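1. Show me how the following folds:
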Amino acid sequence: MIFDSLITLIPISMIMVGCCSNVISLELIMKQSQSHAILVTFFQFATVAFISFFVNIRWKKVFSILWIPVGLRERKIPLKTYFLMVSIFFILSVLNNKALDCDIPIPFHMIFRSSSLLSTIVIGSIFYKKSYSKQQILSLIMVTLGIIFATFSSMPDSKKEISFGNEPNLLRFSIGMLMLIAAMFLSSILGLIQEHTYKLYGKDRHYETIFYSHLFSLPFFLVFKDDILHHIQLNNESTLMTLPFGIGSYPTLWVYLIINVLTQYVCIQGVFILTGKTSTLTCTLVISIRKFLSIIISVVYFNNHFTSLLFAGTVLVFLGTFMYSTSGKVIEKPLPPTKQEKEKEKKLD
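-> So this is what the prediction gives:
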C-alpha cells in the first residue's frame with residue numbers, strides 16, 4: 001500500500017498545498033520575467049536554510065519561560081554524504097530553474113520533472129538491484145503518460161509546434177530540454193541516495209537533511225552573484241501591488257517571490273518527511289500526482305479549456321495510481337559484499 005500509516009497524510013498535504021501554490025507563484029513570476037530563475041533558486045535555498053536553522057538548534061531552559069540556544073542538534077549523517085547530496089541537489093535545482101530561461105514553458109517543464117518515475121525505476125534496477133512488478137511498471141507508465149497528455153492539452157498553441165525555421169530558438173529549446181533530462185536523472189539518483197542514507201542513520205533525519213543540504217549549497221551561488229544583484233534591481237523596479245488589510249503596496253515581483261519561497265519550504269518539508277517514511281518510488285508517485293493537480297489548477301486559474309486530451313490524462317493518472325496502490329512492495333535484491341565485508345568474513349573463518 002502507498003500509505004504506511006495515517007501520519008503520512010500530513011507530508012502529503014504539505015506537498016499538495018505547498019507545491020501547487022509554489023508552481024502558480026513561479027508561473028506568475030516567469031510571465032513577467034523569464035530570466036529570474038537564479039534569483040528564485042537562491043531565495044528558495046536561503047529561506048529554507050534560515051527557517052530550518054531554528055529547527056536544528058538545541059535549546060536550554062534558563063527560567064520558567066526563557067529558553068536560550070546552546071548549539072546545534074547532534075548531526076548523525078557524515079559530511080561526505082552531505083557533500084554528495086548537496087552537489088547533486090544544487091546542480092539539479094539550478095538546471096530545473098535555468099531551463100525556464102531557454103524558452104521552456106512551465107507545462108513542458110512539468111513533463112520532464114514528472115518523468116522521474118521511469119528514471120527512478122531504471123536507476124533503482126541497475127544500481128540498487130531493486131525489482132518492480134509488471135503491475136507497478138505499467139501503473140507508473142500510465143501515470144507518466146497521463147501527465148504528459150494533460151500537459152500538452154494545457155500548452156499554448158504557439159508552444160505545441162516548434163519551428164525548425166528558427167534555429168536560434170530551436171537551439172535554446174534543445175539546450176533547455178537537455179537540462180531537464182539531466183535534472184530528471186539526477187533527481188532520481190538523489191532520491192535513492194536519500195533513501196539509502198535514511199536506512200543507515202534513521203528515518204527521522206529529515207530535519208537535519210533539509211537544513212544542511214540547503215545551507216551548504218549557498219556558497220555555490222557566488223558564481224551567479226552579478227545575475228542575482230541584477231534581478232534584485234529588476235524586482236525593486238516592478239509595478240506596485242496593493243495588499244489587503246491595509247498592509248501596504250509593494251513591488252509585485254517581491255510579493256510573488258516571497259509567496260514562492262515560503263510555499264517552497266512547506267513543499268520541501270513535505271517531500272523530505274515523506275521520503276523518510278516511504279520508499280522513493282512512492283514519494284515520486286505522490287509528487288507526480290501533485291504535478292498533475294498543478295496542471296489542473298493552472299488550467300482553471302489561467303482560463304484554459306478542459307479538453308478531451310486533458311480528460312484522458314486525468315483517467316490515466318488516477319487509474320495508474322489505483323493500480324500502484326494495489327500492487328505489492330518493491331523487492332530489493334541483496335547487493336554483493338564489499339571488500340571490507342569480505343575481509344571480516346575471512347577473519348571470522
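2. Am I right that residue 37 is in contact with residue 93?
-> No - counting by CB atoms under 8 Å, residue 37 does not reach residue 93; the two are 9.8 Å apart. To be clear about C-beta, it is placed using only N, CA and C from the backbone, and glycine gets the same treatment.
3. These two - which one has more neighbours?
-> residue 37 (25 against 22; other CB atoms under 10 Å).
4. Spatially nearest residue to the more buried one (excluding sequence neighbours)?
-> Closest residue to residue 37 apart from its sequence neighbours, by CB to CB, 6 or more residues apart in numbering: residue 97 at 3.8 Å.
5. can you pull out the helices in the stretch 51-200 of the chain?
-> 79-98, 106-114, 116-127, 134-154, 157-160, 167-201 (DSSP state H, counting those that start in this stretch).
6. wait, which of those is closest to residue 49?
-> Proximity to residue 49, assessed across the helices of the stretch 51-200 of the chain by CB to CB, is greatest for helix 79-98 (11.3 Å).
7. Report all helices and strands that the closest one contacts.
-> Packing partners of helix 79-98 (3 or more CB pairs under 8 Å, 6 or more residues apart in numbering; DSSP states H and E): helix 37-55, helix 167-201, helix 206-215.
8. Please save the CA atoms from the last one in CSV.
-> Below are the C-alpha coordinates for helix 206-215, written out as CSV (Å, rounded to 0.1, in the frame of the first residue of the first chain):
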residue,chain,number,x,y,z
HIS,A,206,14.7,14.8,7.5
TYR,A,207,15.0,18.0,9.7
GLU,A,208,18.8,17.6,9.6
THR,A,209,19.0,16.8,5.9
ILE,A,210,16.9,19.7,4.8
PHE,A,211,19.0,22.2,6.8
TYR,A,212,22.5,21.0,5.8
SER,A,213,21.6,20.4,2.1
HIS,A,214,20.4,23.9,1.7
LEU,A,215,23.0,25.6,3.9
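9. What residues of that helix count as buried?
-> 206, 208, 209, 210, 211, 212, 213, 214, 215 (16 or more other CB atoms under 10 Å).
10. Let me see the backbone angles for residue 66.
-> Main-chain torsions, residue 66, degrees, to the nearest 10: phi -120, psi 130.
11. mean confidence for stretch 98-116?
-> For stretch 98-116, mean pLDDT is 70.
12. related to what we said a few turns ago, next, work out how far apart the residue nearest to residue 37 and residue 149 are.
-> 25 Å (CB to CB, to the nearest Å).
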